[in-house]
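Participant: Got a predicted model here, sequence first, then my questions.
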Amino acid sequence: MMNNVKIKICGLSRYEDIAYVNKVKADYAGFVVFYPESTRYIGIDKAQQLIACIDDGIQTVAVTVSPDVKQLKAIEGAGFDILQVHGELGAEILEESSLPIFRALNMNQTETCQNVERHDRIIGYVLDGKTSGSGEIFDWHLIDNFDRGDKLLLLAGGLNEANVLHGIKAVNPDIVDVSSGVEGRDGQKSGDKIIAFTQSVRKE
């Protein structure tokens, strides 16, 4: 029987990437904005152009690191569906955001799971590796006692077509979140890998 785990493909930066995401009918499409330190960073104007090409039914996610209110308002204006926050999540963002929030947590110590923000604006927790974007798997047992409440659980960090089913079995996430695992040696998204990953997740 096909599982009901949804798919988020992150770090999109080209029109070709959008074509792949539309083809496989991913559930979420992520774009890194306001964080030029990332190799997957794109400007907010470019992001707006790309999300305009996303098919209906695919939710767009603005992936940020410690955003301020000015950046939040630009993200809202660009038409994103969800705000994803790594780093610091300021109280003013929780208060000002009209967008639901995915709160990203780096799983390098057990107390990370214990000291998490609880807020109605937060709709899900992205559990990622020690360093976001590194493509490294973390110890999935770190989240055995994680209390997500009624929030969505997103598993990220080093997932690819070969290990994603193991991650689903171990963590039972609502969403699997992939970026480096669907990239080629050139660092760009690979259509073949995106297809292979989604087929693995949706395997009957």
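Facilitator: Everything's here; your move.
Participant: which SS class is residue 203?
Facilitator: Here residue 203 is recorded as coil under DSSP: H, G, I helix; E, B strand; the rest coil.
Participant: What's the local residue count around the closest residue to it other than its chain neighbours?
Facilitator: Distance criterion C-beta to C-beta, 6 or more residues apart in numbering; nearest residue to residue 203, sequence neighbours excluded, is residue 165 at 7.0 Å. Yep, even glycine has a C-beta here, placed from its N, CA and C like the rest. Neighbours of residue 165 under the rule other C-beta atoms under 10 Å: 16.
Participant: and if you look at residue 144?
Facilitator: Residue 144, neighbours per other C-beta under 10 Å, totals 11.
Participant: re the thing from before, roughly how far apart are the residue nearest to residue 203 and residue 144?
Facilitator: Per C-beta to C-beta, to the nearest Å, residue 165 is found 19 Å from residue 144.
Participant: quick one: the residue nearest to residue 203 and residue 197 touch, right?
Facilitator: No: look at residue 165 against residue 197 with C-beta atoms under 8 Å: they stay out of range, at 10.6 Å.
Participant: Show the low-confidence segments of this structure, by residue range.
Facilitator: For the chain, the stretches with pLDDT under 70 are 1-2, 109-115, 130-136, 204.
Participant: about what we covered before: please give me every residue in contact with the residue nearest to residue 203.
Facilitator: 200, 201, 203 (C-beta atoms under 8 Å, 6 or more residues apart in numbering).
Participant: Also residue 188?
Facilitator: Neighbouring residues of residue 188 by C-beta under 8 Å, 6+ apart: 13, 14, 17.
Participant: same check, this time on residue 182
Facilitator: Residues near residue 182 by C-beta under 8 Å, 6+ apart: 9, 160, 189, 190, 193, 194, 197.
Participant: Strands of this protein, residue ranges please.
Facilitator: Under the criterion DSSP state E, strands of the chain are mapped to 6-9, 28-32, 59-65, 82-86, 101-106, 122-128, 152-155, 175-178.
Participant: For this protein, which segments count as helices?
Facilitator: 15-24, 44-51, 69-78, 91-96, 111-114, 164-171, 191-201 (DSSP state H).
Participant: Who are the packing partners of the longest one?
Facilitator: For helix 191-201, the helices and strands in contact under the criterion 3 or more C-beta pairs under 8 Å, 6 or more residues apart in numbering; DSSP states H and E are strand 6-9, helix 15-24, helix 164-171.
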